[in-house]
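J.: one predicted model, sequence on top.
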Amino acid sequence: MTQDLLTIAGKSFSSRLFLGSAGYPNQQVFLDSLAASGAEVLTVSVRRADLTGYGEGLLDLVAGKVWLLPNTAGCATVKDAVLTAQLAREAMGTDWVKLELIGDRETLYPDVEQLLKAADTLVRDGFTVLPYCTDDPVVCQRLADVGCAAVMPLGAPIGTGLGILNPYNIELICSRSPVPVVLDAGIGTASDAALAMELGCDAVLLNTAVSRSTDPVRMAAAMRTGVEGGRLARLAGRIPKRTRAEASSPELGLIGG
Ligand SMILES: CC(=O)[C@@H](O)[C@H](O)COP(=O)(O)O
């Protein structure tokens, strides 16, 4: 089988699972989970990364092992998100940013209007922008239009583990997107990750489902398998759904037939 690489903004990855770095019980569990997941992209909030996540600097722990994707988690204005991205670029030496611009503290839903403005500003400033957005095909198209390198529609609100609430929209986004689609947020278990890939997503980003599970290392391995299985199934091409039964064994030569 030929290698099935994910390419975003000219950078290729063999893993299609992106992992978040927050909320693990301790440093070792985090590192073991990261290894078990096979993830090559790790998203870190600028607040935690710069400083002393998990006892030592998080960046030192993962240096050279993963591609860092700083995120602007917690930002609620264009100004804060842009400044946070610029700080991350300085601190981490990457112009990649997962742009999060929250419009509502309770649901953590993105503020689409502000998100588009911030994305436009950051793209013009030379960033490779991967925006966390609603599962709206029009919003995803607008984000691609302003030059985002990928789009990251939500499966469900962050941290809920509800899975993919609107698979029809995700499938539609995937079928039309000119840039890679990374399903971000709301994944609860491995079958959700597999479904995202079966719907046509290019990758999945998740955090809480692993870090808050009973056994994060095992769940990280399950997510890896889920993403890989979903991707293979997508490439293999599923059979069409039928409303009537169709015998899978040939009826020719049936005894008594
Ligand atoms: C870490 C991160 O970037 C999260 O904000 C992301 O959206 C993942 O969400 P879940 O924790 O629901 O997987």
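T.: Perfect, thanks for sending it.
J.: can you name the residues that contact whatever residue of the stretch 51-200 of the chain ends up closest to the ligand?
T.: Closest to the ligand within the stretch 51-200 of the chain is Ala185: 3.6 Å, counting by CB to the nearest ligand atom. For the C-beta atoms, the positions are set from N, CA and C on the backbone; glycine is no exception. Ala185 sits next to 132, 154-159, 205-206 when contact means CB atoms under 8 Å, 6 or more residues apart in numbering.
J.: just the pLDDT for Ser249.
T.: Note on Ser249: pLDDT of 84.
J.: who in the stretch 1-150 of the chain is up against the ligand?
T.: Proximity of the stretch 1-150 of the chain to the ligand (CB under 6 Å from any ligand atom) is limited to residues 20, 22, 43, 71, 73, 132.
J.: farthest pair within the residues you listed?
T.: Farthest-apart pair in these is Ala22 and Tyr132; separation 14.1 Å (CB to CB).
J.: which of the two has more residues huddled nearby?
T.: Comparing Ala22 with Tyr132 by other CB atoms under 10 Å, the one with more neighbours is Tyr132, at 26 against 18.
J.: ok, the helix or strand harbouring that one: who's next to it in the sheet?
T.: Per DSSP states H and E, Tyr132 falls inside strand 128-133. Its sheet considered, strand 128-133 pairs with strand 96-99 (parallel), strand 152-153 (parallel) by DSSP bridges.
J.: tell me which residues are up against it.
T.: Residues from elsewhere that reach strand 128-133, judged by CB under 8 Å, 6+ apart: 8-9, 69, 71, 95-101, 110, 112, 115, 119, 122-123, 139-140, 143, 147-154, 182, 184-185.
J.: in strands only, show me the residues you listed.
T.: Per DSSP state E, strands hold the following members of the contacts of strand 128-133: 8, 69, 71, 96-99, 152-153, 182, 184.
J.: relative to the ligand, which residue of this protein is the closest?
T.: For the chain, CB to the nearest ligand atom, closest residue to the ligand: Gly20, 2.9 Å.
J.: from what I can see that residue touches Ala209, true?
T.: No. Taking contacts as CB atoms under 8 Å, Gly20 lies outside contact range of Ala209: 9.6 Å.
J.: where along the stretch 51-200 of the chain do the helices fall?
T.: Counting by DSSP state H, counting those that start in this stretch, the stretch 51-200 of the chain has helices at residues 58-62, 78-92, 112-124, 137-145, 167-176, 190-198.
J.: same list, those helices, but as a markdown table with mean pLDDT and mean neighbour count please.
T.: A markdown table is the format used below for the helices of the stretch 51-200 of the chain (pLDDT from 0 to 100; neighbours: other CB atoms under 10 Å):
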| stretch | mean pLDDT | mean neighbour count |
| --- | --- | --- |
| helix 58-62 | 86 | 17 |
| helix 78-92 | 95 | 19 |
| helix 112-124 | 98 | 20 |
| helix 137-145 | 98 | 19 |
| helix 167-176 | 98 | 17 |
| helix 190-198 | 98 | 24 |
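J.: thanks a lot, see you next time.
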